[in-house]
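Chemist: sequence unknown, structure follows:
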């Protein structure tokens, strides 16, 4: 698969089988994230612990329901909704709280990992919902357990696994986004 094929094939998958991702595939995904362009420090923590993932799901659902944001509350209210979508692997990306380019560093690393997962035949999804819980001072201990270093904020995450139901919780049909202007 070439880059163009991976870009066009990648979808946000929100339902996974329990089958674990091999250590070799996971290492390729993490390596892809580490080779992303960056302008400063960021951290990745790979979570496979089911108990920790269940607690992150629980605290994130609570925070989403209390967010006051109509879309976020609606999403969290869907029957069977879990912020980590039942994926066997989640990678939390964080950056120093005072790093102005931290969110961008994390996002480009996440995109590299999403494309690598696609090339490996795995489903994946970019997630931001965990910021509702892991960045709350009341959940500082949970954030530490999830690998967010002290002084850092969770910026985004990615989940990976073998696709179960590709249409579950799908928001939009795949289509190119954004406006394009050619100058000169």
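Modeler: Good, I have the coordinates. As the structure is a prediction and not an experimental result, all values here were calculated from the model.
Chemist: So which bits of the helix or strand bottoming out on mean pLDDT in the chain are buried?
Modeler: The weakest-scoring helix or strand in the chain, judged by mean pLDDT, DSSP states H and E, is helix 3-9 (a mean of 79). Judged by neighbour count using 16 or more other Cβ atoms under 10 Å, the buried positions of helix 3-9 are residue 6. C-beta: built from backbone N, CA, C; applies to glycine.
Chemist: Which SSE is immediately downstream of it?
Modeler: Moving toward the C-terminus from helix 3-9, the first helix or strand encountered (DSSP states H and E) is helix 23-34.
Chemist: Just the endpoints, please. Distance across stretch 133-147?
Modeler: Stretch 133-147 has an end-to-end distance of 14 Å (criterion: Cα to Cα, to the nearest Å).
Chemist: residues touching residue 22, list them.
Modeler: By Cβ atoms under 8 Å, 6 or more residues apart in numbering, no residues touch residue 22.
Chemist: before we move on, which element is the spatially closest residue to residue 136 that is not a sequence neighbour in?
Modeler: With sequence-adjacent residues excluded and distances taken as Cβ to Cβ, 6 or more residues apart in numbering, residue 136 is closest to residue 63, at 6.5 Å. Assigned by DSSP H and E, residue 63 belongs to helix 50-65.
Chemist: quick one, strands of this protein?
Modeler: Remark: strands assigned in the chain by DSSP state E are 43-47, 89-96, 123-127, 152-161.
Chemist: Let me know the average pLDDT across the last one.
Modeler: It refers to strand 152-161. Here strand 152-161 scores 96 as its mean pLDDT.
Chemist: Give the residue spans of the protein that score low on pLDDT.
Modeler: Across the chain, the stretches falling below the confidence threshold (pLDDT under 70) are 165-174.
Chemist: Select the longest helix from it.
Modeler: Counting residues, the longest helix in the chain under DSSP state H turns out to be helix 102-119.
Chemist: picking that back up, check which helices and strands the least confident helix or strand of the chain sits against.
Modeler: Helix 3-9 sits against helix 102-119, with contacts defined as 3 or more Cβ pairs under 8 Å, 6 or more residues apart in numbering; DSSP states H and E.
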